[in-house]
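[1] Okay, sequence plus prediction incoming.
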Amino acid sequence: MLPTPDTSHVPYTRVYEPAEDSFLLLDTLSSPSETAFLSSRFSTTAGGCAPLIVEIGPGSGVVIAFLTAHAQTILGTQHVLTCGVDVNRFACAATGRTAAKAVAETMANDDGSGGGGGAGWFLDAVQGDLVAPLRDGVVDVLVFNPPYVPTDELPVPVAGGAERGTTTTFEEESHLLALSYAGGRDGMETTDRLLAALPTALSARGCAYVLLCAQNRPEEVKERIRATGGGWKAETVGTSGKQAGWEKLQIIRIWRATHDA
Ligand SMILES: C[S@@+](CC[C@H](N)C(=O)[O-])C[C@H]1O[C@@H](n2cnc3c(N)ncnc32)[C@H](O)[C@@H]1O
């Protein structure tokens, strides 16, 4: 089992603490089926330039740090660039530190071949909304553990003002944490915006991993993606919390069939 990145420095009063959903992503992305899928698209033998991996909403950074530190094992190449985009500026700062620590740990375990132990290159985490800070068509692997809990209202990120400083009040911290879980109608308001942006954000060989909970109606979500045409596929590739025949959480992989071998 690959080591989980250390997040002991993360201020959990302001940033989402890794939980069952985060660990489901780590297990799924490092599973034999997904390492085989990713390596077939992105390993050095698969050709092409270094893949760009983007996590939307990295929170503590545990997932993107894991992907960066174990790039060789998961993607079949360490020539990988990674970054994150989060609405929460404290999450961006935490992610940078988590990634640096995880990469340093991998490099410390290098076998002396000078390959850095198989770690990729973490670029940065920037404050922003979904894929807005990115150029079109550049993302090779997109990962999103969204705010997925159904809620009456969707918290609105405050631009500037109170969300710019380094100190926070209790109300601001509650607001930052609400941004990490509150998903609005069916828990899908933010996820639906991301799904709509995927065809523009992903590269031709790009794929996305998105976490859904049972209340998000994952079967309908997958059908909707397949029905858009253009060769889009959507399959469940990881599950957890099996209760009475239905999965509480699942990871769906979304990709274009046109690039399948
Ligand atoms: C459920 S947490 C997941 C955190 C981390 N990826 C994990 O798995 O532990 C959701 C994250 O998405 C961020 N987020 C919410 N809405 C967003 C948006 N519109 N754009 C970017 N990030 C967003 C939150 O700030 C939070 O860090």
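    Received, thanks.
[2] just for this structure, where's the confidence low?
    In the predicted model, the chain carries pLDDT under 70 at residues 46-47, 112-116, 158-165, 242-247, 259-261.
[3] what's the longest helix in it?
    helix 89-108 (DSSP state H).
[4] anything in that one near the ligand?
    Yes: residues of helix 89-108 contacting the ligand under Cβ under 6 Å from any ligand atom: Ala91. Backbone N, C-alpha and C define where each C-beta goes, glycine included.
[5] Now do the same contact list for whichever residue of the stretch 1-150 of the chain sits closest to the ligand.
    Nearest residue of the stretch 1-150 of the chain to the ligand: Gly57, at 2.2 Å (Cβ to the nearest ligand atom). Listed by Cβ atoms under 8 Å, 6 or more residues apart in numbering, the contact partners of Gly57 are 84-87, 91, 144-147, 180.
[6] okay, the angle between the host helix or strand of Glu173 and helix 89-108?
    Using DSSP states H and E, Glu173 falls within helix 170-181. Angle, helix 170-181 to helix 89-108, by axes from the mean of the first three to the mean of the last three Cα atoms, to 10 degrees: 60 degrees.
[7] on that earlier part again, next up, phi/psi of the residue of the stretch 1-150 of the chain closest to the ligand, please.
    Main-chain dihedrals, Gly57, degrees, to the nearest 10: phi 70, psi 60.
[8] Could you do Gly206 as well?
    Dihedral angles for Gly206 - degrees, to the nearest 10 - are phi -70, psi 160.
[9] same question, the one 10 residues further on
    Backbone dihedrals for Asn216, given as degrees, to the nearest 10, come out at phi -80, psi 0.
[10] Also Asp124?
    According to degrees, to the nearest 10, Asp124 has phi -180, psi 170.
[11] can you tell me the helix or strand for the nearest residue to it once chain neighbours are set aside?
    Once flanking residues are discounted, Asp124 sits nearest to Cys83: 5.6 Å by Cβ to Cβ, 6 or more residues apart in numbering. Cys83 is located in strand 81-86, with elements delineated by DSSP H and E.
[12] quick one: Ala196 and Val131, what's the gap?
    The gap separating Ala196 from Val131 is 10 Å, by Cβ to Cβ, to the nearest Å.
[13] Have a look at the two and say which one is more surrounded.
    Legend: neighbour count by other Cβ atoms under 10 Å for Ala196 and Val131, higher for Val131 (22 against 12).
[14] Assess the claim that that one and Cys83 are in contact.
    No: with contact defined as Cβ atoms under 8 Å, Val131 does not count as touching Cys83 (11.4 Å).
[15] what touches both of these two?
    By Cβ under 8 Å, 6+ apart, Val131 and Cys83 have these common neighbours: Val54.
[16] before we move on, back to that, compare the contacts of Gly57 and tell me which is most surrounded.
    Busiest of the contacts of Gly57 [other Cβ under 10 Å] is Gly84, holding 30 neighbours.
[17] Quick check: bridge partners of that one?
    Beta-bridge pairing for Gly84 (DSSP bridges): Glu55, Ala125.
[18] Tell me who's in contact with it.
    With Cβ under 8 Å, 6+ apart, Gly84 has these contacts: 54-58, 61, 64, 91-92, 95, 124-126.
[19] Out of those, which two sit at the greatest distance?
    Gly57 and Asp124 (15.1 Å; Cβ to Cβ).
[20] Now do the same contact list for whatever residue of the stretch 151-261 of the chain ends up closest to the ligand.
    In the stretch 151-261 of the chain, no residue comes nearer to the ligand than Ser180, which is 3.6 Å away by Cβ to the nearest ligand atom. Applying Cβ under 8 Å, 6+ apart to Ser180 gives the contacts 15-16, 57, 59, 88, 147.
[21] Thanks again, I'm all set now.
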